[in-house]
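Peer 1: give me coordinates for this.
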Amino acid sequence: MKRMALLACMGLLMANGEVEPGKPISPRFAGDPSPHWFDDRWYLYATDDASNSGRYWDSTSWRLYSSTDMKSWQDDGAFLDVTTFQWARPDAKAWAPEVAQRNGRYYFYAPIGGDRIGVAVADRPQGPYRDARGDALIDKARDANAGAEPIDPAVFIDTDGQAYLYFGTRVPKVVRLKPDMIHVDGPIMDVVVTGLPASDPKKKYGEAPYLHAHDGRYYFCFSTGWPGQIIYGTAASPLGPFAYGGVILDYLPISTNHQAIVERGGKSWLFYHDRLLPGGGDHRRSITIAPLTYAKDGAILPVERHAPK
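Peer 2: Okay, the predicted model is just below:
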């Protein structure tokens, strides 16, 4: 029944011309989607895989795509690169980004070089962005409990106005942000996920933390590793602890996965990257979208992968 409901939902969305599961949003390689609805338009910020070496995730710029209908996406180009941050090496790696909107401004959270997260600010979703601080927001060499790799930032702003920054590999981290969105408010804390199946040692936190809320419940999802499943846990607080809930997306034929879940107009979607375009692979990924549905008890129903046609 769950599978039938999911397939019916997919058919409805495709009939409405919104999304086609398994279809890349662009013929250009990109990964690590950060999608947002800003100013009556979708904006999707991404790692620019087309400009890396093809042997590693060593691009130095980020790519932006935009859409009004989630079906046709406009390539808005490489709108920002690591040279925006003068404290960073000009050849530092530009990895999975994040953006948040607050106080009429847009804040871009940039993992740089695998050991620091910078933040840039702009008056428009597409920029131009400028360094908001003059140094890193999170710095492995400076900050206690920053973890092995302070990467993969994800921002969640709760209904009470409190903003949280999630990040990290191997051990998930969270820290409160001040209302200005460019300073932390308190210590960096570990995120705890309970109830992970002891029978499956592969089900553990790897990377790509992401938090969203649905019907008064907080959902924390992440990748279990390299390669990894996308799994999730739920809690009554953005800080957890989160009780394991299940698998959202099973293993893909690619070494990484990175996801985002967005909801608008009563519908939810899963954004992720996969091996979809000719010549694609571990370092040349493609972003795609699939409908996401919930069971009556709030559980997320597994999303089926759609192989490239």
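
Peer 1: helices of the stretch 201-309 of the chain, start to end?
Peer 2: Assigned by DSSP state H, counting those that start in this stretch, the stretch 201-309 of the chain shows no helices.

Peer 1: hang on, isn't Ala208 packed against Glu149?
Peer 2: No - applying Cβ atoms under 8 Å, one finds Ala208 not in contact with Glu149, separated by 11.8 Å. All C-beta spots, glycine's among them, are computed from the backbone N, C-alpha and C.

Peer 1: which of those two has more neighbours?
Peer 2: Using other Cβ atoms under 10 Å as the criterion, Ala208 and Glu149 rank with Ala208 on top: 27 against 17.

Peer 1: moving C-terminal from the lowest-mean-pLDDT helix or strand in the chain, which element do we reach first?
Peer 2: The helix or strand of the chain with the poorest confidence is helix 2-15; it has a mean of 39 (mean pLDDT, DSSP states H and E). Using DSSP states H and E, the next helix or strand after helix 2-15 towards the C-terminus is strand 31-38.

Peer 1: distance between that next one and the chain's centre?
Peer 2: In terms of Cα atoms, centre = their mean, to the nearest Å, the centre of strand 31-38 is found 7 Å from the chain centre.

Peer 1: from the contact counts, what lies against the next helix or strand after it?
Peer 2: Toward the C-terminus, strand 31-38 is succeeded by strand 41-47 as the next helix or strand (DSSP H and E). Helices and strands touching strand 41-47, by 3 or more Cβ pairs under 8 Å, 6 or more residues apart in numbering; DSSP states H and E, are strand 31-38, strand 61-67, strand 98-102.

Peer 1: the first one vs strand 98-102, what angle?
Peer 2: With axes from the mean of the first three to the mean of the last three Cα atoms, to 10 degrees as the basis, strand 31-38 and strand 98-102 are set at 10 degrees to each other.

Peer 1: may I see the buried residues of strand 31-38?
Peer 2: If you call a residue buried by 16 or more other Cβ atoms under 10 Å, then strand 31-38 has these buried ones: Gly31, Asp32, Pro33, Ser34, Pro35, His36.

Peer 1: and what of stretch 79-98?
Peer 2: 79-82, 84-85, 88, 92-98.

Peer 1: so which of the residues you listed are in strands?
Peer 2: Among the buried residues of stretch 79-98, the residues falling in strands (DSSP state E) are Leu80, Asp81, Glu98.

Peer 1: now these in a markdown table, with distance to Phe167 and pLDDT?
Peer 2: Shown next, in a markdown table, are these (distance: Cβ to Cβ, whole Å; pLDDT from 0 to 100):
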| residue | distance to Phe167 | pLDDT |
| --- | --- | --- |
| Leu80 | 18 | 97 |
| Asp81 | 20 | 96 |
| Glu98 | 9 | 98 |
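
Peer 1: farthest-separated two in the buried residues of strand 31-38?
Peer 2: Taking Cβ to Cβ, the two most distant members of the buried residues of strand 31-38 are Gly31 and His36; they sit 16.8 Å apart.

Peer 1: show me the shaky parts of the chain.
Peer 2: 1-18 (pLDDT under 70).

Peer 1: show me the strands in the stretch 201-309 of the chain, by range?
Peer 2: 207-214, 217-223, 230-235, 242-249, 259-264, 267-274, 286-292 (DSSP state E, counting those that start in this stretch).
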